[in-house]
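Engineer: just a sequence and a predicted model for now, questions to come.
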Amino acid sequence: MGSDRVDLIRILAEKLESAIRIEDRVSPEDVTFEDCSSDWRASIENSNQNNGDDVKDALVDWIRNLMESMIESDLDLVKDLCFELREKSFPIFSRFGLHIARESKDIFLIKKFLLDPQ
């Protein structure tokens, strides 16, 4: 079941990346673009700070919820996924790792996502 969730998260992450590029008219070759995700999504967790109600917000919610649902059952898989998402070009994907590090209280993730600038 974990691998099905991982596959779904990967698909949703691709859709989120596409939605960001489409909305901001960014070509796939542009690696310098910042997604300004802190403007359209102030908080990864469910919060009243989040004021958007669009496709990007829905995708963030789905990715977050799926990753959170795996913390108890398969933390190692979630950790791998955090690092995989971190390799994507937009900061929103690193923010998932920060969120999961906080939620899981995993010391390794906390150190990597807070102390290892990337």
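Structural biologist: Thanks, I have it.
Engineer: following the helix or strand hosting residue 6 in sequence, what is the next regular element?
Structural biologist: Counting by DSSP states H and E, the secondary-structure element that holds residue 6 is helix 2-23. Elements were assigned by DSSP H and E; along the chain past helix 2-23, the next helix or strand is helix 37-40.
Engineer: so which bits of the helix or strand following that next one are buried?
Structural biologist: In the C-terminal direction, the helix or strand that comes right after helix 37-40 (DSSP H and E) is helix 55-71. Taking 16 or more other CB atoms under 10 Å as the neighbour-count basis, helix 55-71 is seen to contain the buried residues 56-57, 59-64, 66-68, 70-71. Quick note: C-beta positions are derived from backbone N, CA and C, even for glycine.
Engineer: low-confidence ranges in the chain?
Structural biologist: Counting by pLDDT under 70, the low-confidence segments of the chain come to 1-2, 25-33, 117-118.
Engineer: apply 80 and report the result again.
Structural biologist: Flagging of the chain using pLDDT under 80 yields the residue ranges 1-2, 23-36, 38-40, 48-53, 89, 116-118.
Engineer: got the contact list for the spatially closest residue to residue 70 that is not a sequence neighbour?
Structural biologist: Nearest in space to residue 70, with sequence neighbours left out and distances taken as CB to CB, 6 or more residues apart in numbering, is residue 78 at 4.8 Å. Residues counted as contacts of residue 78 (CB atoms under 8 Å, 6 or more residues apart in numbering) are 67, 70-71, 100, 104.
Engineer: wait, which of these is closest to residue 14?
Structural biologist: Taking CB to CB as the measure, residue 67 is the one of the contacts of residue 78 closest to residue 14, at 15.3 Å.
Engineer: from residue 22, how far out is the residue nearest to residue 70?
Structural biologist: Separation of residue 78 from residue 22 (CB to CB, to the nearest Å): 28 Å.
Engineer: for residue 85, grab the count of nearby residues.
Structural biologist: Neighbouring residues of residue 85 were enumerated by other CB atoms under 10 Å; the total is 23.
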